[in-house]
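> sequence and predicted model, in that order:
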Amino acid sequence: MILVSVRAEEVEKFYGNKHALRGVSLEAENGRITSILGPNGAGKTTLIRIIMGLIFPSRGKVEVLNKDPFKNKKIFKEIGYVQELPNLPPFMTGKELLEMSCRIKGIDKSEIKRVLEIVGMEDSANKKIAKYSKGMTQRIAIAEAILGNPELLIMDEPNIGTDPSLNYNMREMLKEMRKDGKSILMTSHVLDDVKKVSDDVYLIFNGKVFFHGSPEDLIKKFLGVIVIVESDDKESIKSVIKDLDYITNIKFDNKRIILKLKEDRREDLIHYLVTSGIKIRSFYLDDELEEAYLMAIKEASKSD
Ligand SMILES: Nc1ncnc2c1ncn2[C@@H]1O[C@H](COP(=O)(O)OP(=O)(O)OP(=O)(O)O)[C@@H](O)[C@H]1O
């Protein structure tokens, strides 16, 4: 049994003088959703293209489904791939493209109905790709990638141009695939979606892995424990919490009080506020991946 579906070891890539990847190691484990994050130009697409056997690394190696992708082209029958900004044949209809892929991959044509339903393209499948919108093209590219329910799905920025209903369907589809033990490796800038589905994230900055862990770990590490309290008793809160040594920062924003905690003492804090007679309308953890990501990028650029 394969436990790791994609492994990259110390991968480097030069484009002429440009050192695009500077020793990236990554493992996408079986039955998990692994997301690669990072600013524009960080090296995400370069890494995906190396994993897909499309460009050679300058140093290091990759293994995909336990094989060298440069020597075993057969493995690609078990891999679905959505490339960044897919370039699909404009003269074909979406359905014709899917039929052709079924023939190439040896997949029964009955699959077409299933994948069209997932991406919500049943009604437009007979239109020429040339007449598709950006989002529709992306939908057909995703449909093509998931034909035959592949062992491994690799997607490079699948959310470009997609609307909320497709994003929702895609998240549900990814969760189903994970339930079936399939592996997903994707790059994305849509951090809300990344947080909702990813088990593992790799943050790449300037060709290097700056962080690896779960989305929750990333939030904990770079954002810390931030609690938002909504209350009209702002002044009372200010005075009762001043002696709490586990609160390291306090900010006021309209009716919200934003507290930074040294450690996760939420239960102690809410108990303390309530027993101090403070009326609280709401109390919640700020766990935005986007904010944590921005903090992480700030740190990465300082240390680079
Ligand atoms: N064919 C190429 N020739 C020269 N330089 C390249 C080439 N492809 C990419 N680069 C450079 O390599 C670096 C990494 O690019 P890459 O496309 O991998 O980044 P990315 O993280 O996918 O960015 P984005 O989020 O914008 O898609 C960038 O500095 C880019 O300009």
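Yep, that arrived.

> run a quick neighbour tally on the closest residue to the ligand within the stretch 201-304 of the chain.
When scored by C-beta to the nearest ligand atom, the stretch 201-304 of the chain has residue 204 as its residue closest to the ligand, at 6.7 Å. The C-beta positions use only the backbone N, C-alpha and C, and glycine is treated the same way. Neighbour count for residue 204, taken as other C-beta atoms under 10 Å: 25.

> now do residue 251
Around residue 251 there are 11 other residues, counting by other C-beta under 10 Å.

> still on that earlier bit, excluding chain neighbours, what is closest to the residue of the stretch 201-304 of the chain closest to the ligand?
Nearest non-adjacent residue to residue 204, counting by C-beta to C-beta, 6 or more residues apart in numbering: residue 38, 3.8 Å away.

> test my guess that the one you found contacts residue 44.
Yes: using C-beta atoms under 8 Å, residue 38 is in contact with residue 44, at 5.4 Å.

> this protein - how does it break down into domains?
4-213, 224-286 (automatic domain parsing).

> looking at those, which is closest to residue 301?
If you check each of the domains of the chain against residue 301 by C-beta to C-beta, domain 4-213 wins as the nearest, at 7.4 Å.

> ends of the closest one, what's the gap?
16 Å (C-alpha to C-alpha, to the nearest Å).

> give me the distance from that domain to the chain's centre.
Distance, stretch centre to chain centre, for domain 4-213: 11 Å (C-alpha atoms, centre = their mean, to the nearest Å).

> just to revisit the earlier point, return the most buried member of the domains of the chain.
Among the domains of the chain, domain 4-213 has the highest mean neighbour count (mean count of other C-beta atoms under 10 Å), at a mean of 18.

> contacts only, for residue 298.
With contacts defined as C-beta atoms under 8 Å, 6 or more residues apart in numbering, residue 298 has no neighbours.

> and it, helix, strand or coil?
Assigned by DSSP: H, G, I helix; E, B strand; the rest coil, the conformation of residue 298 is helix.

> got the confidence number for it?
Per-residue confidence (pLDDT) for residue 298: 96.

> tell me who's in contact with the closest residue in space to residue 263 that isn't next to it in sequence.
Once flanking residues are discounted, residue 263 sits nearest to residue 246: 6.1 Å by C-beta to C-beta, 6+ apart. Counting by C-beta under 8 Å, 6+ apart, residue 246 makes contact with 261, 262, 263, 265, 268, 269.

> which residue sits closest to the fourth one, ignoring its sequence neighbours?
Excluding its sequence neighbours, the residue lying closest to residue 265 (C-beta to C-beta, 6+ apart) is residue 246, at 4.8 Å.

> look up phi and psi at that neighbour.
phi -90, psi 0 (degrees, to the nearest 10).
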